[in-house]
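Student: test case, fold it:
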Amino acid sequence: MRDDTSQRRLHAIKEHLQDPPHKTHKLLIANRSEIAIRIAHAASALDFYTIGIYTLDDAECLHVKKCDEAVRIGGSGVSGYLDIEGILGVCRERGVWGVHPGYGFLSENQEFARRCEEEGIVFVGPSPEMLGLFGDKLAAKALATSLNIPTLKSTTGPTTLSQTLAFQTRLSNPIMIKSIHGGGGRGMRIVHDPKEIPKAYTLARLESERNFGCGDVYVEEFLGRARHVEVQVIGDGRDVVHCWERECTLQRRNQKIVEVAPCPGLEEGVRMRIVDAAVKMAKAGKYKSLGTFEFLLSPTTNNFYFLETNPRIQVEHTITEETTRIDLVQTQLSISLGHTLGNLGLTQVPIPTTYAIQFRINAETYENGDVIPSFGCLKAFDPPSGRGIRVDTAGYAGYTFSSTFDSLLAKLVVFDAPSYTAGLDRAYRALREFRIEGVQTNVGVLESLCVDEEVRGCRVWTRYIEERGIKPLDGSKMFFEKRWVEDKREEVVVGPEGSVAVRMPMHGVVVTLNVEQGDTVSTGQELAIISAMKMEHAILSPHSGVIASIPITLGSTLEPSSPILFITPTDSTTLAPDSTPANLDTIRPDLADLFEQRRVLTDEARVEAVRKRHEKGKLTAWENVVGLVDEGSWIEYGSLAVAAQSSRRSEKELTTISPRDGVLTGFGTINAHLFPTQSRAAVIAYDYTVFAGTQGYYNHMKQDRILHLVHKFRMPLVVFCEGGGGRPGDVDTLMLTGLNVPTFHSLAQLSSKVPTVGIASGNCFAGNAALLSMCDVVIATEDACIGMGGPAMVEGGGLGRVKAKEIGPVDVQVRNGVIDALVKTEQDAITTTKQYLSYLQGRLESFTCADQRSLRHAIPENRKRSFAIGNVIKVLADTNSILELQKGFGEGVVTCFIRIEGWPFGLVANNSQHLSGAIDSSAATKMTRFIRLCDRNRIPMISLCDTPGFMVGPEAEKTGQVRRFGDLFVAWGVILRKAYGLGAQAMASGSLSSPFFSIAWPTGEFGAMGLEGAVRLGFKKELEGDDGKVFERLVQEYYDKGRAVRVARGVEIDQVIDPAETRQWVLRGFLSCGGRMQEPTWQTTKT
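Tutor: Next comes the predicted model:
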């Protein structure tokens, strides 16, 4: 270092080395590139003997030459530096004193530190226990919380994808998915759109696994527009001292690219609160070694939140070294040797008086707005130099920079700057002096930051670079001429005469050579394996022939199209053994495992559960689904899910007792043999054999997925709702109440947008009943019991003990209008569902019907005699085409679907056998619901009118019928007999001129109100003392005036027809409207 204090400290550390011979302490550096070089320099100054390691594809990295010795380890790429046993094997062979892990790789791996301890090797860093506390971000957050240090909302353990989705739903804000271990911005993803969570979650886990050897992640609230401030701490296990703070706000893709010490523009009070919080945590954990405590700071409120601890040397340690004059690596080594802060003179670090700024120069390029790593040969590499400039790098001219490792090429540090802006000015000049040719870098972006007014004014936040779209500085003029070393790889490599080259398909490293010169090879034979883009790729022989030459060596890094070897082709047509076609009947182990997991879901594998189901005369959920959808059309979603109870039960038990987590979800076709283009549908089927059909955590997730797709792609939905509601035993979740699940909201939204059918069989309580209630059409079997609370809930509410069959039996729910269609069995429910959907799907080509002349005799000659309206409908409709809804409720009207010449129609008709056909409140409700159902699905409507009007009187008005009558609407009107008052107008859309046609049979009779009532109301004086003859005469006059023929002459209706012509009129009216079904709203509405 540059002052007397630093020299004295270095001397004290050397004195502590007890072995007099030169370099008897062997230090293995378990890292690579610039940090390995930095550690080697610091350790060598303390007379350590340094041992480096490298993988096959990293042999040319400069750290190999900077250590006293370098040992090749197994593997290639990052995986080699994560090989704990391989690295410990080198340690044993070389008899090392200790291991310095640097940053990244195994630096925070508790298992590696523990294994070093077991082997008697000093791990230069915190103890395994301390790594378990501070290297685990969640454990560190828990410590902060216990010390009343603010933290952001987060999950509290390794978090699954489903838990991530649930956390975001509760939070309703952007989230950060983060690796529990490691740092450097890896294993992190910010998510603003919930739809992106699965992809971000997978990428975070993969990146975490690749860089830190562990894929566990957690989820945290994302704090927008925040500054990132961190505190450098040194502890000796007893005492702790801080080295002040660093500003790390300027980041891209969660990776810091510019760091400043001290933090510019930070209020003194805020600074002290942050550093005090860091020291408080370190002391509470009895911290030993170097560590960095990171915080997010809200510039608007000055509130700060503990983020995480990095229990290791940091990439940006350089700027703290330059502002405090403390060699942090040597200090870390000295503490591992047993020094205390006291005998190192580190009891109090003076406040920095100058600024230092670090710029991370990365090899990267830009494509379509994305930043991707760059690679290639460094043709020229000349770092800047001069007072106040430091460059930590492993780059050199001629070095081939590979995409296998991190893209950090160099760290440019400017220091001794009297102010923050002066440091930026010095950095700008140094960046323009940095000569790098052969690979693209981010130098231009760093230059832009140096001159950016917001950066210079400290008005930045962690996503400033992305949100402001900072780009490389245009017109940047370098202070040098472009000259570089020749890249030997550009020399043309020519094979022996007659040979052909086998070339690199992409940039990569040759990690395996399977042949030697002179070998005979066959077409398709594997010649070599290259490592590229984090994958291994086999190089196959394009010809049969003889290996003529191999111009490269194992571990060579080659550019695309570079020759790997040369083959002299022969006339042989032999294929390599591996090139023969695969046996298509061979089942690989991974596929066999999948088949087994699928097998245990089948009814055949669940013999006992199926037996119990069949003994009760019930179908299984699977039998219901395959009975509903067309054969071969079913695709199932989420079949491998089990109950979220892994902390209570084994995987094997859960697979046995909770297949599919109790619900089948997927898509198929229904009636495709009749309607090939209109048959797609979604199905949700509860499985009562799994926890009584209750709703579990993944059960809800599966439904939410299907409901989302139904909403997006617009198709009918059928829900088999048998089950007992919510399930309390799912403990593998972060949910507290579960009241925020979107299932019910999503289905409620669908009920007015796509056709939905709910099927109730057996017990259907609580949440299952709620789903049923939101369906357009409810079909129930005779054994169904439907209620918003089952027996357990009733008893829990202090209402006594009841049996399930006493709650909402079908005789109650039919009268209430809850059930649209009551059937005997589940198979009948399936048949009825298919029939209902068929009306929405289109026309049937074949049909038959009754002799229409019988309609001439359907109405009794006695105008006061009631008749069975059902007989009229049976004759009018195609044979076996009637589906009546809500029979038993609102019996004054009949609502049903019918077909005429194959075309579907909705039909409402007055029932004179109930209240003489008068429309009461329940009948109006029934009609309104049915008409809306037809309207949504664009089903043409027919009205058969025979009503004396509305029910009147005090009791009738108690039902709120005024509101209900106002909702009625109909399309085409046929007056069979009575058409009086507002009731008749309601049956004709509010006016006889509203429907496309209003026609009457000869038996039709019309009036502003009932004839008898009109006479009594209008002729009170005339009727005084009447013996009945006057009354009868006046009624007859009204009747004659209101006969259908008379009304038609007055053009108040369109025609009086022969009843036998009714089908023709309906069909001709339909054809006059275009002769085709309109697309229903659920097929035309845009998502």
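
Student: contacts only, for the closest residue to Ser33 other than its chain neighbours.
Tutor: Take Ser33 and drop its neighbours on the chain: the residue closest to it by Cβ to Cβ, 6 or more residues apart in numbering is Ala394, 4.3 Å away. Every residue, glycine included, has its C-beta placed from N, CA and C. Ala394 makes contact with 32-34, 36-37, 61-63 under the criterion Cβ atoms under 8 Å, 6 or more residues apart in numbering.

Student: could you rerun that using 6 Å?
Tutor: The neighbours of Ala394, taking Cβ atoms under 6 Å, 6 or more residues apart in numbering as the test, are 33-34, 37, 61-63.

Student: what's the answer for Ala363, then?
Tutor: Ala363 makes contacts with 374, 401, 407, 409, 439, 441, as judged by Cβ under 6 Å, 6+ apart.

Student: separation between the closest residue to Gly376 other than its chain neighbours and Leu664?
Tutor: Excluding its sequence neighbours, the residue lying closest to Gly376 (Cβ to Cβ, 6+ apart) is Val439, at 4.7 Å. Between Val439 and Leu664 the computed distance is 54 Å (Cβ to Cβ, to the nearest Å).

Student: okay, now the unreliable bits of the stretch 1-150 of the chain?
Tutor: Residues of the stretch 1-150 of the chain that meet the criterion pLDDT under 70 lie in 1-24.

Student: please, where are all the strands along it?
Tutor: Assigned by DSSP state E, counting those that start in this stretch, the stretch 1-150 of the chain shows strands spanning 26-29, 49-54, 69-72, 98-100, 122-123.

Student: sheet-wise, list the partners of the first one with their directions.
Tutor: The sheet places strand 26-29 alongside strand 49-54 (parallel), strand 98-100 (parallel), with pairing taken from DSSP bridges.

Student: kindly export that strand (C-alpha atoms) in PDB.
Tutor: This file holds the C-alpha atoms of strand 26-29, laid out as PDB (Å, rounded to 0.1, in the frame of the first residue of the first chain):
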ATOM      1  CA  LYS A  26       0.400 -23.000   0.600                       C
ATOM      2  CA  LEU A  27      -2.800 -21.200  -0.400                       C
ATOM      3  CA  LEU A  28      -5.100 -22.700  -3.000                       C
ATOM      4  CA  ILE A  29      -7.100 -20.100  -4.900                       C
END
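
Student: now that strand: buried residues?
Tutor: 26-29 (16 or more other Cβ atoms under 10 Å).

Student: ok, so of those, who is nearest Asn937?
Tutor: Ile29 (72.8 Å; Cβ to Cβ).

Student: can you pull the contacts of that closest one?
Tutor: 36, 39, 52, 100.

Student: any chance of those in a markdown table, plus distance to Phe123 and neighbour count?
Tutor: Formatted as a markdown table, those follow (distance: Cβ to Cβ, whole Å; neighbours: other Cβ atoms under 10 Å):
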| residue | distance to Phe123 | neighbour count |
| --- | --- | --- |
| Ala36 | 16 | 26 |
| Ile39 | 14 | 29 |
| Gly52 | 17 | 25 |
| His100 | 9 | 28 |
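
Student: now the closest residue to Val78 other than its chain neighbours: how far from Leu876?
Tutor: Among residues not flanking Val78 along the chain, Arg210 sits closest, at 5.9 Å (Cβ to Cβ, 6+ apart). Look at Arg210 and Leu876: by Cβ to Cβ, they are 72 Å apart.

Student: re earlier: just the buried residues of the strand or helix carrying the residue nearest to Val78, please?
Tutor: Following DSSP states H and E, one finds Arg210 within helix 197-212. Buried residues in helix 197-212, counted by 16+ other Cβ under 10 Å: 197, 200-201, 204-205, 207-212.

Student: again with stretch 1037-1051
Tutor: For stretch 1037-1051, burial by neighbour count (16+ other Cβ under 10 Å) applies to 1038, 1042-1044, 1047-1048.

Student: break this structure into its domains for me.
Tutor: Per automatic domain parsing, the domain ranges recorded for the chain read 4-124, 153-222, 225-353, 355-468, 500-572, 592-838, 849-1004+1043-1072.

Student: Gly376 reaches Ile436, doesn't it?
Tutor: No. Contact criterion Cβ atoms under 6 Å: Gly376 and Ile436 do not qualify, at 10.9 Å.

Student: give me the more crowded residue out of those two.
Tutor: Ile436 (23 against 19; other Cβ atoms under 10 Å).

Student: so where do the strands sit in the stretch 551-700 of the chain?
Tutor: With DSSP E, counting those that start in this stretch as the criterion, the stretch 551-700 of the chain has strands at 557-558, 563-569, 635-637, 663-669, 680-686.

Student: then the stretch 151-300 of the chain?
Tutor: Under DSSP E, counting those that start in this stretch, the stretch 151-300 of the chain gives strands at 175-179, 188-191, 217-221, 227-236, 240-247, 251-252, 255-256, 258-261, 288-297.

Student: distance of Val690 from His339?
Tutor: Following Cβ to Cβ, the distance that separates Val690 from His339 is 63 Å.

Student: which one of these two has more residues nearby?
Tutor: The neighbour comparison of Val690 against His339 (other Cβ under 10 Å) goes to Val690, with 24 against 18.
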